[in-house]
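Trainee: here is the input, now give the coordinates:
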Amino acid sequence: MIKHLFMNGCSHTALGCGVRDNRDTWTFLLSEQYPLLYNNYLKNLVSENGQVNGAVAGSSNKKIWRTTIDWILKNEDKLKETLFIIQWTYVYRTENYIESNKEDNWERCYFSHTDEWEYVSDESWKYILTLQSLFKNMGLKYVMFEGEVDGDNADGYKSLNWDSRYVKYIDMKYFFKDGIMNTAGDRKTKCGHANEEANKEWSEKLYNFLQGVGYE
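Mentor: Model prediction:
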């Protein structure tokens, strides 16, 4: 039985990002479909302490991979009753560990925007595959998807390469090959994210996918 929820991703999954009320985000709307999750989500929504939604705007796939594994290691008592919802982001983003006095020593950065798209995409596929393998080995419930499929904006916001040699190892039963921004289309906030109407539609599409997987 699903009692806990952990979501991770970038601004497409993080709270806010142009939507006036957090209760209009797809993450909150989806939690309403699961009564046990709804109480936990509502309780944690106020403090935004990361126990339910670990997504951070501007996150890279490396950060999503790293912080998801960190959460798993810190919450071993909850794992068998947790549903993991992982949204992957644009492949040119990355992060480096730096020496500093800060509590969080990870620095957000970007790959050079060259014609090496296949290479940086393969780096992301490695994170996806290792996380998928961990979920499977531990018998955990999970689904994955991209924030934007086939994104190719001029400023380097480019999505995964689905012609990669790594794709054949992805278990597509648990990978929803649709994107929040593909669903949104022109229905965007001023900052370029899905608006309230698109969030509602995405929550319904993802819920239907979860039901098809068997996560009731």
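Trainee: just the strands in the chain please.
Mentor: For the chain, applying DSSP state E gives strands covering 4-8, 82-88, 93-97, 106-110, 141-146, 175-179.
Trainee: what's Glu146 in contact with, if anything?
Mentor: Glu146 makes contact with Gln87, Trp88, Thr89, Ser159, Leu160, Lys177, Gly179, according to C-beta atoms under 8 Å, 6 or more residues apart in numbering. For the C-beta atoms, the positions are set from N, CA and C on the backbone; glycine is no exception.
Trainee: and the pLDDT at Phe209?
Mentor: Note for Phe209: predicted pLDDT of 97.
Trainee: what count of nearby residues applies to it?
Mentor: 17 (other C-beta atoms under 10 Å).
Trainee: got a list of what the residue nearest to Ser11 when sequence neighbours are not counted touches?
Mentor: Of all residues not flanking Ser11 in the chain, Ala57 sits nearest, at 3.7 Å (C-beta to C-beta, 6 or more residues apart in numbering). Applying C-beta under 8 Å, 6+ apart, we find Ala57 in contact with Cys10, Ser11, Ala14, Cys17.
Trainee: closest one to Glu99 out of those residues, please.
Mentor: Cys10 (25.7 Å; C-beta to C-beta).
Trainee: verify the stated contact: the closest one with Lys62.
Mentor: No. At 11.7 Å, Cys10 and Lys62 do not qualify as touching, with contact defined as C-beta atoms under 8 Å.
Trainee: run through the neighbouring helices and strands of the longest helix seen in the chain.
Mentor: As assigned by DSSP state H, the longest helix anywhere in the chain is helix 117-138. If contacts are counted by 3 or more C-beta pairs under 8 Å, 6 or more residues apart in numbering; DSSP states H and E, helix 117-138 sits against helix 61-74, strand 82-88, strand 141-146.
Trainee: in the longest one, which residues are buried?
Mentor: Going by neighbour count (16 or more other C-beta atoms under 10 Å), the buried part of helix 61-74 is Asn61, Lys62, Lys63, Ile64, Trp65, Arg66, Thr67, Thr68, Trp71, Ile72.
Trainee: adding pLDDT as columns, could you present the contacts of Ala57 in TSV?
Mentor: Formatted as TSV, the contacts of Ala57 follow (pLDDT from 0 to 100):
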residue	pLDDT
Cys10	93
Ser11	92
Ala14	86
Cys17	77
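Trainee: now render those residues as CSV, adding distance to Asn96.
Mentor: Shown next, in CSV, are the contacts of Ala57 (distance: C-beta to C-beta, whole Å):
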residue, distance to Asn96
Cys10, 17
Ser11, 20
Ala14, 21
Cys17, 25
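Trainee: how about the nearest residue to the residue sitting nearest the centre point of the chain, chain neighbours excluded?
Mentor: Nearest to the mean C-alpha position of the chain, by C-alpha atoms, centre = their mean, lies Gln87 at 2.1 Å. Spatial nearest neighbour of Gln87, excluding adjacent residues (C-beta to C-beta, 6+ apart): Gly9 at 3.1 Å.
Trainee: state the distance from the one you found to Arg187.
Mentor: 19 Å (C-beta to C-beta, to the nearest Å).
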